[in-house]
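Student: Curious how this folds, go ahead:
(2 chains)
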Amino acid sequence: MWTSMFVVFDALTFFYIVLGVVLGIVVGAIPGLTASMLIALTLPLTFSMGAIDAISLLVAMYVGGAAGSLITAILIRMPGTPASVMTTLDGYPMTQKGLAGLALSLGIGASFMGSVISWVFLILLARPLSELAVNFTDFDFFAMVVMALFLIVLLSKGNMLKGLIAGLLGVLVALPGIDPIGGNYRFTFGVVALRDGFALLPVLVGLFAGSQILNELICPSESSGLAGAQKTQASVRLRRRDLQRHWGTVLRSSVIGTWIGILPGVGANIGSAVAYSVAKTFSSTPEEFGNGCEEGVVASESANNATVGGALVPLISLGIPGSIVDALLLGGLIIHGLQPGPNLFRNSPDFVYAIFGTMLLASVLMLIVMYFTTAWIAKIAMVPPKFLLPALVVLSIVGSFTLANNWTNVVVMLAFSVVGFFLERNNYSLAPFVIGLVLAPIAETSFRAATMYTDGQMVPLIFTLVPMVSVALTIVMTVFMFRVNRDV
Amino acid sequence: MRSTLKYGMVIFATISAMFSVSAMAQEYPSQPIKIIVPAGAGGGTDVLVRTIQPYLEEELGAEIVVINVPGSGSVAGSRRVKDAEPDGYTILVNHTTLLTAMATEKADFGLEDFIVSAIAIEVPLVVVVPDESPVDNLADLWTLAKTPDRPLIAGVNLGAVNHFSLLMVEDAFDDVAFRYVQTGGGAKTSAALLGNRIDVGVLAGSEAKSLFESGDIKIIAALTESRIPYLPDVATAVEQDVNAVLGAKYSWFMPAGTADDRVEVFSKGLRDVLENTPELRSTFEERGFILTLMSGPDATVQNSALMSRLNDIAATLQ
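Tutor: Model prediction:
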């Protein structure tokens, strides 16, 4: 196995992996461009390459793309892809406090750890994990998501009502568009542009980056905005001290991210949202979340990078793609005459090991590339607002436009800039809003799909293992939290 | 002065000659062709179009730009082509899902808004059951469906092609009603089959093949006109006396009103590329596609016949 993994050090393969990681990071960092777009555009170019080179290039892009988006999320409050929005919640406040360097270091370190931990699960437990995953029912999934939603509301301390309102607003924004089951239009109010609902990325870019721009334009004197970031320490350092402090969060979030990645059709943004909620529950300082909490950045980044390894688990062991990117990789495999599925291991073990090797090497390269380049990219935070603002405006508009080549998303982005501006002015936290927005569709779909099996009966669904365990865990964590709070 | 004038006239003559040449060369195609993929980058349709793109560019001698317009289950991108100038420079590639969207009235337009230049390439569909299932063919499935107090659970993406294909099967069985549950596309349906949560599902031939070879599922019928080349032992539904033929067939549409000669130039180009490019054929075969090719009135007739069948089925859903 180990010798097979060393094919990644073949000069050409190594070159492709470096290329893939760098391109992935760049694309991940640019709002509106995602790793899946990059891989889709690269796929036809790989037809003429060797099978191992081709798949190495694509997997490297996947790994790089998952990590790159943290840069803009932390520095300019613009999530490069929806998966890093949870990073924005605490990463940007850290930048405002002049801690951009620390936030980036933690983000990069957590990305690497998340990637490597999911890789360990991938190489050791691919088959048993995917067998567990195919037996995970819709209602099990619903129970898990509801647990995350419940915890985040419960934890909105002090402002529990405002947290609840913001969360429900997020849920409302998720509803219009195409009914996830049956595909009919709903809540479109007869507007054709609303038929697709609100796309996630323009909403997030508006809420976070757009609202920030408005804030700068309307109240430039307040140093709450970009100006506060200028005294930033931009040096990126990976310290053992940080790992010792956060290893629990890293491990827990990576396991959550890996598991969510394994479940078919559930994306990295859900992985990081769930990990963030759980990290907040376990934290000794939950009130710090959203104000620049280190654990928030760590939880989000280790979880969203861990979904990469997780999503490869069912692809390699069962031939079932765990994510959109995996569906593309599947296409790449078939073109090179490899039959994905349970027999892939038996028929082409060398190839599987090459994928394993690529993922590990790509994770290491991602760490190195990000480590050496981020220090000077971080200087963005020191650019005076009058130069940075126009660039941010252009980036927000272009990013929203390119997503689906239409102006609707630009209008959505602008509208949510205003929404975000007013929410923040009135001290409504964006965190519950985003969690409601991200988790509502998946909670709805899994609940409705689950009840279709039983023709609407709830009882046979509730009294099963996973929902019961979720309820028990929620109660235990609630009690645990109230006791901790009383001691303080 | 005189010579300057002379030069000026020469230049003028040359330029006007160039213009008249380009005016005469209103040959199609003389400018880039936009192909609208009504789905995101990297989906099945996108990869298919981008695979053919370089060969088609060479054949037609024009640049081809692939534009992704995802949304509304392929209706958004399709609408964009319907509303485009009917000059042959905007083409839609979409499969049977557009017809099911029309049948379920998710699209507020119909086949009459398009001219089909060609129907080329099919993703064949097969009916599958979990490996533990007692069902080996469609007759067994019918028997199982008739079991009292035990609903037959069918995993589909409600309103999509896989749903319609099982509705066609159900339509052939008397006295039974499947219980349809939402699983979604191929990946989620496969997971539900492996987890033994559904009794029956529909997968693309290539998806089913690998799970079948590893002994994780059974394939009980092919929903194609004739047997799928790489699944020679799987009898078609028609062979089993069930009139269910439905696959994801890709149509290449132009807006209604496009001149016939342009429609023909494009379909001929597509035909030449598919027939004369061995590496393209082998790529598609490896991916489990079937290389069907139909153009002109035949294609229109086929789409219309399928449309009326889908409309009949959609009417039973109400």
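Student: List the contacts of the residue of the stretch 201-350 of chain A found nearest chain B.
Tutor: Among the residues of the stretch 201-350 of chain A, residue A:341 lies closest to chain B, at 3.2 Å counting by C-beta to the nearest C-beta. In short, each C-beta sits where N, CA and C put it, glycine included. Residue A:341 makes contacts with A:318-319, B:210-211, B:213-214, as judged by C-beta atoms under 8 Å, 6 or more residues apart in numbering or on different chains.
Student: which of those count as buried?
Tutor: A:318-319, B:210-211, B:214 (16 or more other C-beta atoms under 10 Å in any protein chain shown).
Student: for the residues you listed, which one is nearest residue A:7?
Tutor: Nearest to residue A:7, judged by C-beta to C-beta, of the buried ones among the contacts of residue A:341 is residue A:319 at 22.1 Å.
Student: Find me whatever residue is spatially closest to the closest one, sequence neighbours aside.
Tutor: residue A:341 (3.3 Å; C-beta to C-beta, 6 or more residues apart in numbering or on different chains).
Student: Could you look up the SS state of the one you found?
Tutor: coil (DSSP: H, G, I helix; E, B strand; the rest coil).
Student: From residue B:231, how far out is it?
Tutor: Relative to residue B:231, residue A:341 is positioned 14 Å away (C-beta to C-beta, to the nearest Å).
Student: Number of residues surrounding residue A:217?
Tutor: When counting by other C-beta atoms under 10 Å in any protein chain shown, one arrives at 13 neighbours for residue A:217.
Student: for residue A:19, that is, sorry about that
Tutor: Per other C-beta under 10 Å, the neighbour tally for residue A:19 reads 16.
Student: which ones are touching residue B:134?
Tutor: Counting by C-beta under 8 Å, 6+ apart, residue B:134 has contacts B:140, B:144.
Student: Which pLDDT value belongs to it?
Tutor: According to the prediction, residue B:134 has pLDDT 95.
Student: same question, the one 4 residues further on
Tutor: Turning to residue B:138, the model gives it a pLDDT of 97.
Student: That one against residue B:238, yeah?
Tutor: No: using C-beta atoms under 8 Å, residue B:138 is not in contact with residue B:238; the gap is 10.4 Å.
Student: For the two, work out which one has more neighbours and name it.
Tutor: Higher neighbour count among residue B:138 and residue B:238: residue B:138, with 22 against 16, using other C-beta under 10 Å.
Student: by contact count, what packs against the strand or helix carrying residue A:271?
Tutor: Here residue A:271, judged by DSSP states H and E, is contained in helix A:268-282. Where contact means 3 or more C-beta pairs under 8 Å, 6 or more residues apart in numbering or on different chains; DSSP states H and E, helix A:268-282 is packed against helix A:85-96, helix A:138-154, helix A:240-262, helix A:294-318, helix A:430-453.
Student: tell me the angle it makes with helix A:85-96.
Tutor: 60 degrees (axes from the mean of the first three to the mean of the last three C-alpha atoms, to 10 degrees).
Student: Show me where the stretch 101-250 of chain B has its strands.
Tutor: For the stretch 101-250 of chain B, strands defined by DSSP state E, counting those that start in this stretch occupy the ranges B:114-123, B:125-130, B:153-156, B:179-182, B:200-204, B:217-222, B:248-255.
Student: can you map out the helices along chain B?
Tutor: B:2-24, B:44-60, B:75-82, B:96-103, B:138-145, B:161-172, B:186-194, B:205-213, B:260-276, B:278-286, B:296-317 (DSSP state H).
Student: centre of the chain versus the third one, how much separation?
Tutor: Mean-position distance between helix B:75-82 and its chain equals 15 Å (C-alpha atoms, centre = their mean, to the nearest Å).
Student: so where's chain A shaky on pLDDT?
Tutor: Counting by pLDDT under 70, chain A has low-confidence residues at A:1-3, A:154-158, A:220-236, A:381, A:481-488.
Student: circling back to that earlier point, which of the strands of the stretch 101-250 of chain B sits closest to chain A?
Tutor: Proximity to chain A (C-beta to the nearest C-beta) singles out strand B:179-182 among the strands of the stretch 101-250 of chain B, at 4.1 Å.
Student: What pairs with the closest one, parallel or antiparallel?
Tutor: Taking DSSP bridges as the criterion, strand B:179-182 sits next to strand B:153-156 (parallel) in its sheet.
Student: And the strand it pairs with, how far out from the chain middle?
Tutor: 22 Å.
Student: Stretch B:156-165 now?
Tutor: Distance, centroid of stretch B:156-165 to centroid of chain: 14 Å (C-alpha atoms, centre = their mean).
Student: ok, residues contacting that stretch?
Tutor: Contacts for stretch B:156-165 (C-beta under 8 Å, 6+ apart): A:181-184, B:73, B:95-97, B:100, B:103-104, B:106, B:125, B:127, B:166, B:180-185, B:189, B:201-202, B:223, B:244, B:246, B:248, B:310, B:313-314.
Student: can I see the domain layout of chain B?
Tutor: As assigned by automatic domain parsing, chain B contains the domains B:33-122+B:248-317, B:125-240.
Student: Now do the most centrally placed residue in chain A against chain B, distance only.
Tutor: Centroid-nearest residue in chain A, with C-alpha atoms, centre = their mean: residue A:83, separated by 2.4 Å. Look at residue A:83 and chain B: by C-beta to the nearest C-beta, to the nearest Å, they are 16 Å apart.
Student: For the residue nearest to residue A:319, what are phi and psi?
Tutor: Main-chain torsions, residue A:341, degrees, to the nearest 10: phi 140, psi -180.
Student: Excluding chain neighbours, what is closest to residue B:186?
Tutor: Spatial nearest neighbour of residue B:186, excluding adjacent residues (C-beta to C-beta, 6+ apart): residue B:207 at 4.7 Å.
Student: one step back: now for the residue nearest to the centre of chain A: which residues touch it?
Tutor: So residue A:83 contacts A:66, A:69, A:267-269, A:271-272, A:304, A:307 (C-beta under 8 Å, 6+ apart).
Student: ok, now residue A:291?
Tutor: Residue A:291 neighbours (C-beta under 8 Å, 6+ apart): A:90, A:93.
Student: Apply 6 Å and report the result again.
Tutor: residue A:93 (C-beta atoms under 6 Å, 6 or more residues apart in numbering or on different chains).
Student: what's the nearest residue to residue B:289 if we skip its chain neighbours?
Tutor: residue B:121 (5.2 Å).
Student: Residue 205 - how many residues pack around it?
Tutor: As the question left the chain open, I've gone with chain A. By other C-beta under 10 Å, neighbour count at residue A:205 equals 34.
Student: ah, I was thinking of chain B
Tutor: 25.
Student: Do you know the pLDDT at it?
Tutor: pLDDT, residue B:205: 93.
Student: Distance of the residue lying closest to it once chain neighbours are set aside relative to residue B:225?
Tutor: Leaving aside its chain neighbours, residue B:205 sits nearest to residue B:124 (4.3 Å; criterion: C-beta to C-beta, 6+ apart). Using C-beta to C-beta, residue B:124 is found at 10 Å from residue B:225.
Student: Which one's more surrounded, these two?
Tutor: residue B:124 (27 against 13).
Student: May I ask you to confirm that residue A:52 is in contact with residue A:354?
Tutor: Yes: Residue A:52 is within contact range of residue A:354, at 4.8 Å (criterion: C-beta atoms under 6 Å).
Student: Which residues of the stretch 101-250 of chain A lie near chain B?
Tutor: A:134-135, A:181-183, A:195-196 (C-beta under 6 Å from any C-beta of the partner chain).
Student: Adding secondary structure and distance to residue A:324, write those out as JSON lines.
Tutor: Formatted as JSON lines, these follow (DSSP: H, G, I helix; E, B strand; the rest coil; distance: C-beta to C-beta, whole Å):
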{"residue": "A:134", "secondary structure": "helix", "distance to residue A:324": "19"}
{"residue": "A:135", "secondary structure": "coil", "distance to residue A:324": "23"}
{"residue": "A:181", "secondary structure": "coil", "distance to residue A:324": "19"}
{"residue": "A:182", "secondary structure": "coil", "distance to residue A:324": "22"}
{"residue": "A:183", "secondary structure": "coil", "distance to residue A:324": "18"}
{"residue": "A:195", "secondary structure": "helix", "distance to residue A:324": "21"}
{"residue": "A:196", "secondary structure": "helix", "distance to residue A:324": "17"}
